[in-house]
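Participant: One predicted model, sequence on top.
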Amino acid sequence: MRKHPILLLPWLLLFLALAWLGWDHGRARTGESLPEASPGVPPAAPVAVRPEADAAARDVVCGMEIRKSLSYRVSLPGQDYFFCSEDCRAEFKNQPEKWMSAGSRRQGAHAMRGLPIRIYQWGVVLVMVISFGTFEWVSWKRRPAAFAPAPSQGHPRRIDLTAWRPLRRSLQWPYLRPIAQAIAAGLFLVVVAAGLFGNQSPAMNIAPLLTWTIWWVGLVFLVLFLGKAWCFVCPWDAIATWMERLRFCSPRRSGLGLQMKWPRSLRNIWPAVGLFVLLTWVELGAGITLIPRATAYLGLMMLGLAIACVFLFERKAFCRYACLVGRVSGLYSLFSSLELRARDANTCASCRTSPCFRGNDRGDGCPTFELPRTMTLNTYCILCTECLKTCPHDNLSIRLRPWGEDLAHEGKPRTDEAFLSIILLAMTGLHGLTMTPRWPEWNEALSATWGVSPRVSFSLLMALILAAPMLLFAALAGVSSLWSAPHGMRTLFIHYAYALLPIALFYHLAHNAGHFLLEGPKAAALASDPFGWGWNLFSTARSHFGPLVSLEGLWIIQVGLVVTGHLYSLWITEKTTRRLIPDRRAAVFSQLPMLAAMVAFSVFSLWLLKQPMEMRLSAM
Amino acid sequence: MRVPIWPCRRSVQVLVLLSLFAFPLLARYRHYLYARQLDKLTESWSGTAQGKLLNATDAAVRVGIPDGEGGVPSRRPRRAILERTQNFHGSAWSARVFGVSMTDPLAGAECALASRACTGVLLVGLAIPLVATLLLGRIYCGWICPMDILFGLGFKIRKLLELLEIRPWSVRFWKGSKVVLLGVGLLFALACGLPLLHYLYPPALLGREAHGFVTALFDRAEKGHLGWALAGMTAASLFLLGLLLADIAMSPRFWCNCLCPGGALYSLLGCFRLLKVRRDPEACTLCSRCNEVCPRALKPMVDPIGMECDNCGLCVEVCPSQSLAFRMALKDNGFPAPGVRNAPREEKKLAAAPKNVVTAALLGLAWLSIDSTQAHHILGLPHYCYDKDYPQTPVLKLVENVGNWEVQLTGFPGNPKPGMRTHLTVYITDRTTRSVYSKPLTLSVHRQLVLGREERVYGPEEAMSSQNLFKLYPTYPADGNYQVTLSFEDGEGLSTLRFPLVVGEPGSPWAVVFGSAGGLACFLVVVRAVRIKRARRRATPVAVTP
């Protein structure tokens, strides 16, 4: 461990974030007393939505629901007011009469306050300083000896987790994955049933919250630390595979499927990219994050696609080519701190049978058509652990590594993956944009000026947001290619696009951290009454769980995440430049436009976080 | 020149089937017209299925009658229309069309035996069918009975299943069982005075179901439920569906050939018919296509045709050498082709015995399930509101506790229809002191839309207490899920409560669930068929060229 402290960084950051959350909870917030309300204004009572829930209160300024112990307080004679942040309190103190009388009217939708201007400015300054500081520093200290791409196998900066026998044995136990999948499948079916038959109010049904606020964030969060852990438990693939094989665990002995070859023209991830764009459109354009039934339909649709593909095609072609969740998290998992690789290249070289690819009586061949013995990238590995079972030499391992290793080295850049990474950036940004109060204004303005329906204008805006980063990035790659001979713009575009992944990943987390930390705790109450039928399974249905963090704590976490992503993007850009352009002067110049792109995207992320955000379950 | 037999036959059957639905529709139209409600109802139902049906009936009935009545040229010729509508009555069981009565001989026989009387009216009604059957044989089965369409469809489905590698059984039953059933049924009617066979006779069941369906469609519409629904259908529909499924799975037309009591009666009556299919052995090329197509499982090429034949003409149509033809004759085919006579029969009665038992049990169960009673309590809620619409309108009663307060919301009717003025009553008491809340409260109603949005349809309305109750009268615009939001001053602050409310019949997710399950099943069947065909192709040895 002393040799590679960089391995500790992800866990250190996680610890820091948790410590910050804890400190944020313990931090004492000052209460203030205002002497007397102005005469003539009757003191309005704060709205208690559920009187039993004494720990929750509503901020009369922004309408947000907050936890009393985490809030700022203003005591008026006979009445206490609670605020999410200093800023709301200041606004209240400026015009107490206005807010006291308006208090009872501000219900339903509310906008969460975005980053205050000072934190935003600090963030931008930090991004600038880091960009240019790091850039200068790295450029000055460049040592040509360090350029050689590091081999993935036998790399020193790894910790082999499967060297620990109990873990290895349990991963090789054929029932481990099916049992985990059975639990996930059970949960999935409950969520689908809740969405279909439960109360259709999104605040009283667990399906929308669990899917969009917890699963969709937790998935990406898990990628950071555990790689594609979701694929390990994926219920869609599990149900489809059980149906096809009529067998609980691997290997496949016989099946009901047709085992066709996946069409050659579709052997890329464009199907998944298309599905991802479609999903984003449906999610935001049709607003299904708030419709339990539509959420359930979407889950069933994914299940249907998985079943159709398993029955028609060889192996898990769906997972490799068409599953949008797998491809999105696959690209992100290039950054992950977990990898599955062959342990010793010499053992593999002497292997004549390749059961890791072909399968044997202990497990399937790689379901995503990878050759695990030579695999160097995480993208298509779904961590199904079949190769751990099949390898007769126990030569495969799951290892810890520093963040971003796959991105830092020469991978196998592909056009479809490069486009997906930019689309990821654009779509996460779109998520943020649609929740700002400005979005409906733009949407309405466009639909009014062009005389089109709101849905069409949404699609147009979405296409614009999809195209803008691509065009910007292509233009900058074009500028960059002036210095980068012999590599043209196309090469630069594809190679540098991977460097954008950390920005997209960490912005995704920063944006969703708000949802997760502020709205996520409501899942505790919903777990007792998942269908909204008045059950109380764990006797938590009536209790009210406030946000896990105060708004100010959240802002720090968000800025921290964006800056971390930016830092990693810079590092990867630097590595990419070193690989592509050996000449130092040319490298510095060609790197500048890319640097501009990074800064632009990061500052845009911060700007998005600065906007007030419409919360999903505000009506709760 | 050859007359196209099949199109004629099928169009007669379709006409009969349509008239099974058209006659009750016409009766309903007549009813509204007679009560002078037609225009009002078509207007209020415009755009819905019921409105369109009434309009179509109106247009069809008025063909050939000039507009104008009582000196007003634009007025609907009400009297002439009413007179015309009187020309269509009944169903496939017994009908009067343009004053001509026709009764199914089975109905006549059962009726006469059960009542132990044979009235003149019955004889008049039986005359035409009896004479037609005596002369032309079992033509009711082949040319009129609408079940033939259904079983034809079943035969097509059998072919499709074979294409999909699902091999349906081919069970052979004893053809005499239908005569036994007929005899038992008629004896029972004679002995107990209780006609039972009409519970089994598909054309009668189909007619009754059609009538029930049309009646329920308009009855429900009068109460405000303007949708298609299966209300009005009884378990007889399940029985017919079961027949179709058994027909597909067991053997084609086993019902007509082996079990139908009506078919048995027509066979017996048509025993000495004049119109017969006869074969010219000189021209016959022994291609045996006629044997394959015969829906009655007869073998026109080898056997005497006998009394089972319904003169459907399929064999005549299919014969390539035109050796089969309809002839007026007293005698049957008496001259089998030489050497074919002793062809081995494929009868396997013994092997089919267990399946016979299964089929009989299934049919028995299906028959037992026939029950035309319908529950009249829709929501299963008790009815408290005796002052209005007694006794079948349930009320909605929801209770929620806030602090010490107990809030009770009562809605009448419990499941209101769109557009009607409804009652919402709120009653709030303190649970500890038993005192009644009497300060004003605010109530609003939101419609929950598909996109998770809400649309306010009522309020916020401030209500004053009157005799300890708060009464409000919202009207809902459409079927759907609504939320009643109630705010009142509970001493500590403003409390807001939300109550769910269902108006009309909002959509159900079951359709999607069943649809996707059906789609999945179809997909799996196709995958299986492809696998089997592929395996078969692999197993067939490839022809080796020398």
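Facilitator: Great, that's in hand.

Participant: Residue B:283: neighbouring residues, count only.
Facilitator: For residue B:283, the neighbour count with other Cβ atoms under 10 Å in any protein chain shown is 12. Placement of C-beta: from N, CA and C, glycine included.

Participant: gap between it and residue A:326?
Facilitator: Taking Cβ to Cβ, to the nearest Å as the measure, residue B:283 falls 70 Å from residue A:326.

Participant: same deal with residue B:70?
Facilitator: Taking Cβ to Cβ, one finds residue B:70 at 77 Å from residue A:326.

Participant: Which one of the two is surrounded by more residues?
Facilitator: residue A:326 (27 against 8).

Participant: Can you pull the phi/psi pair for the nearest residue to the more buried one once chain neighbours are set aside?
Facilitator: Of all residues not flanking residue A:326 in the chain, residue A:319 sits nearest, at 5.1 Å (Cβ to Cβ, 6 or more residues apart in numbering or on different chains). Dihedral pair for residue A:319: phi -60, psi -40, per degrees, to the nearest 10.

Participant: From chain B, how far out is residue A:319?
Facilitator: Residue A:319 is 19 Å from chain B, where distance means Cβ to the nearest Cβ, to the nearest Å.

Participant: Give me the pLDDT for that residue.
Facilitator: Looking at residue A:319, its pLDDT is 91.

Participant: For the stretch 151-300 of chain B, which residue gets nearest to chain A?
Facilitator: Chain A sits closest to residue B:165 of the stretch 151-300 of chain B, with a gap of 12.9 Å, by Cβ to the nearest Cβ.

Participant: where does chain B have low pLDDT?
Facilitator: Scanning chain B with the threshold set as pLDDT under 70 gives B:1-2, B:227-231, B:303, B:331-360, B:362-394, B:449-454, B:492, B:505-507, B:541-546.

Participant: can you pull out the strands in it?
Facilitator: B:88-90, B:94-97, B:100-103, B:275-279, B:324-328, B:396-402, B:405-412, B:423-430, B:441-448, B:454-463, B:470-472, B:480-489, B:494-503 (DSSP state E).

Participant: Can I get those in JSON lines including mean neighbour count and distance to chain A?
Facilitator: As requested, the strands of chain B are arranged in JSON lines below (neighbours: other Cβ atoms under 10 Å in any protein chain shown; distance: least, Cβ to the nearest Cβ, whole Å):
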{"stretch": "strand B:88-90", "mean neighbour count": "18", "distance to chain A": "44"}
{"stretch": "strand B:94-97", "mean neighbour count": "17", "distance to chain A": "46"}
{"stretch": "strand B:100-103", "mean neighbour count": "18", "distance to chain A": "50"}
{"stretch": "strand B:275-279", "mean neighbour count": "20", "distance to chain A": "48"}
{"stretch": "strand B:324-328", "mean neighbour count": "16", "distance to chain A": "46"}
{"stretch": "strand B:396-402", "mean neighbour count": "15", "distance to chain A": "5"}
{"stretch": "strand B:405-412", "mean neighbour count": "19", "distance to chain A": "9"}
{"stretch": "strand B:423-430", "mean neighbour count": "19", "distance to chain A": "14"}
{"stretch": "strand B:441-448", "mean neighbour count": "21", "distance to chain A": "6"}
{"stretch": "strand B:454-463", "mean neighbour count": "15", "distance to chain A": "8"}
{"stretch": "strand B:470-472", "mean neighbour count": "20", "distance to chain A": "19"}
{"stretch": "strand B:480-489", "mean neighbour count": "20", "distance to chain A": "6"}
{"stretch": "strand B:494-503", "mean neighbour count": "20", "distance to chain A": "5"}
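
Participant: quick one on the thing from earlier: pretty sure the residue of the stretch 151-300 of chain B closest to chain A is touching residue B:533, no?
Facilitator: Yes: using Cβ atoms under 8 Å, residue B:165 is in contact with residue B:533, at 6.8 Å.

Participant: In contact with the spatially most central residue of chain A, which residues are there?
Facilitator: The residue lying closest to the centre of chain A (Cα atoms, centre = their mean) is residue A:220, at 3.5 Å. Neighbouring residues of residue A:220 by Cβ atoms under 8 Å, 6 or more residues apart in numbering or on different chains: A:329, A:332, A:505, A:508-509, A:512.

Participant: again, but for residue B:308
Facilitator: Counted by Cβ under 8 Å, 6+ apart, residue B:308 has contacts B:138, B:175, B:257, B:267, B:296, B:298.

Participant: so how far is residue B:195 from residue A:312?
Facilitator: Residue A:312 is 56 Å from residue B:195, by Cβ to Cβ.

Participant: Repeat that for residue B:67.
Facilitator: 46 Å.

Participant: who's more crowded, those two?
Facilitator: residue B:195 (20 against 11).

Participant: what residues are up against the more buried one?
Facilitator: B:110-111, B:113-114, B:189.

Participant: Just give me the closest of the contacts of residue A:220 to residue B:278.
Facilitator: For the contacts of residue A:220, the minimum distance to residue B:278 (Cβ to Cβ) is 77.0 Å, reached by residue A:329.

Participant: Doesn't that closest one lie inside a strand?
Facilitator: No: using DSSP: H, G, I helix; E, B strand; the rest coil, the assignment for residue A:329 is helix, not a strand.

Participant: count of neighbours near residue A:488?
Facilitator: By the criterion of other Cβ under 10 Å, residue A:488 has 12 neighbours.

Participant: With adjacent residues omitted, what lies nearest to it?
Facilitator: Counting by Cβ to Cβ, 6+ apart, residue A:481 is the residue found nearest to residue A:488 once chain neighbours are left out, at 5.6 Å.

Participant: how near is residue A:277 to residue A:268?
Facilitator: Using Cβ to Cβ, residue A:277 is found at 15 Å from residue A:268.

Participant: hang on, I meant residue B:519
Facilitator: From residue B:519 across to residue A:268, the span is 28 Å (Cβ to Cβ).

Participant: Rebuild the strands of chain B as CSV, extending it with distance to residue A:556.
Facilitator: Below are those laid out as CSV (distance: least, Cβ to Cβ, whole Å):
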stretch, distance to residue A:556
strand B:88-90, 82
strand B:94-97, 85
strand B:100-103, 90
strand B:275-279, 94
strand B:324-328, 94
strand B:396-402, 38
strand B:405-412, 42
strand B:423-430, 46
strand B:441-448, 38
strand B:454-463, 35
strand B:470-472, 49
strand B:480-489, 37
strand B:494-503, 34
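
Participant: Residue A:477 is nearest to which of these?
Facilitator: Here strand B:454-463 is closest among the strands of chain B (Cβ to Cβ), at 46.6 Å.

Participant: quick one on the thing from earlier: angles on the backbone of the residue nearest to residue A:488, please.
Facilitator: phi -70, psi -10.
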